[in-house]
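Colleague: coordinates only, sequence not included:
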């Protein structure tokens, strides 16, 4: 008698690490979408313990997702920018709004995990125990203080047949420092001088008024790096202005050390 062929895949720590990586990427993206300042997700481990209240989803291939309500509500408060320790509204119009927001936030998480791991569609609620119950493997995503956010249970067969392949990042071609500097563009600004005036004088400034700077005509101007972020200028050289073909050009007279 010929036994039917069955693929064999020895599950290892590498498989769980790959599952952890895929799940963490999905949850990180969900986290960043709903929370302006997301807290780091501390860990993904191969343990799923605890008796906290959970909501469950499962598919027909033996995958089960459990979301810890207390941890989810903690992120919900952060998404709503509620003060630490403030309770969610229990009744009324505000409670209806929070409930709708919570449902959308949770549904997005469950949908993203289902799509990212290519499950066969989620069914909410518990599942019947079967022959794979004892053989299932589990991973846990935890928050920054190691409080569990969700648990994922899978079978060795699911890992063998459905686990997304490891993400291979293309190698970045190496570039010499000289080439990198040659391709980088910076903006230099010539600072002719500065002066101090009162706010009242500034408000009364008119065409024809003369402002006297602290720079004499025979003194070189500063050439400075201009920052587009905060508007600051970092002097890098001194230069003398020269007229050439109806343009002002700057002849460098000294160079400041760049740190």
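Modeller: Cool, got the structure. Worth saying up front: this structure is predicted, and the values here are computed from it rather than measured.
Colleague: For the residue nearest to residue 114 when sequence neighbours are not counted, list the residues it contacts.
Modeller: Spatially, and ignoring its direct neighbours in sequence, residue 114 is nearest to residue 122 (5.4 Å; C-beta to C-beta, 6 or more residues apart in numbering). Quick note: C-beta positions are derived from backbone N, CA and C, even for glycine. Going by C-beta atoms under 8 Å, 6 or more residues apart in numbering, residue 122 touches 57, 58, 59, 65, 110, 114.
Colleague: Tell me which helix or strand comes right after whichever strand or helix holds the first one.
Modeller: Secondary-structure assignment from DSSP states H and E places residue 57 in strand 54-58. Past strand 54-58, heading to the C-terminal end, the next element that is a helix or strand (DSSP H and E) is strand 64-68.
Colleague: for that next one, packing partners?
Modeller: Using 3 or more C-beta pairs under 8 Å, 6 or more residues apart in numbering; DSSP states H and E as the contact test, the elements touching strand 64-68 are strand 54-58, helix 92-116, strand 148-154.
Colleague: Strands of the stretch 151-259 of the chain, residue ranges please.
Modeller: 188-191, 221-226, 233-244, 247-255 (DSSP state E, counting those that start in this stretch).
Colleague: Mean neighbour count, the ones you listed: which tops it?
Modeller: strand 221-226 (a mean of 18; mean count of other C-beta atoms under 10 Å).
Colleague: Just give the strands next to that strand in its sheet, each with its orientation.
Modeller: strand 188-191 (antiparallel), strand 233-244 (antiparallel) (DSSP bridges).
Colleague: now what about the longest one, what contacts it?
Modeller: Yep, that's strand 233-244 we're talking about. 188-192, 220-227, 248-256, 258.
Colleague: average model confidence for that strand?
Modeller: Taken as a whole, strand 233-244 has a mean pLDDT of 80.
Colleague: same check, this time on the shortest one
Modeller: Across strand 188-191, pLDDT averages out at 79.
Colleague: Any chance you could list what contacts it?
Modeller: With contacts defined as C-beta under 8 Å, 6+ apart, strand 188-191 is touched by 221-226, 233, 235-236, 239, 241, 248, 250.
Colleague: change it to 7 Å
Modeller: Applying C-beta atoms under 7 Å, 6 or more residues apart in numbering, the contact partners of strand 188-191 are 221, 222, 223, 224, 225, 226, 233, 239, 250.
Colleague: mind showing which ranges of the stretch 1-150 of the chain have poor pLDDT?
Modeller: Residue ranges of the stretch 1-150 of the chain with pLDDT under 70: 1-10, 42-43, 46-52, 126-134.
Colleague: same thing but at 90, please
Modeller: The model of the stretch 1-150 of the chain has pLDDT under 90 over residues 1-21, 32, 35-54, 60-62, 74, 77-96, 98, 118-121, 125-139, 143-147.
Colleague: just curious, which of the contacts of strand 188-191 is nearest to residue 89?
Modeller: The nearest member of the contacts of strand 188-191 to residue 89, counting by C-beta to C-beta, is residue 226 at 49.6 Å.
Colleague: Run a quick check on that closest one versus residue 187, I expect a contact.
Modeller: Yes: counting by C-beta atoms under 7 Å, residue 226 does reach residue 187; the two are 4.6 Å apart.
Colleague: picking that back up, with neighbour count and distance to residue 14 added, can I get the contacts of residue 122 in TSV?
Modeller: Listed next are the contacts of residue 122 as TSV, based on neighbours: other C-beta atoms under 10 Å; distance: C-beta to C-beta, whole Å:
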residue	neighbour count	distance to residue 14
57	20	26
58	20	25
59	18	24
65	24	22
110	18	27
114	18	24
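Colleague: Can you pull the phi/psi pair for the spatially most central residue of the chain?
Modeller: Most central in the chain under C-alpha atoms, centre = their mean is residue 32, positioned 5.8 Å from the mean C-alpha point. When read as degrees, to the nearest 10, the backbone of residue 32 gives phi -70, psi -30.
Colleague: and what of residue 144?
Modeller: phi -60, psi -30.
Colleague: Count the neighbours of it for me.
Modeller: Residue 144 is flanked by 11 other residues according to other C-beta atoms under 10 Å.
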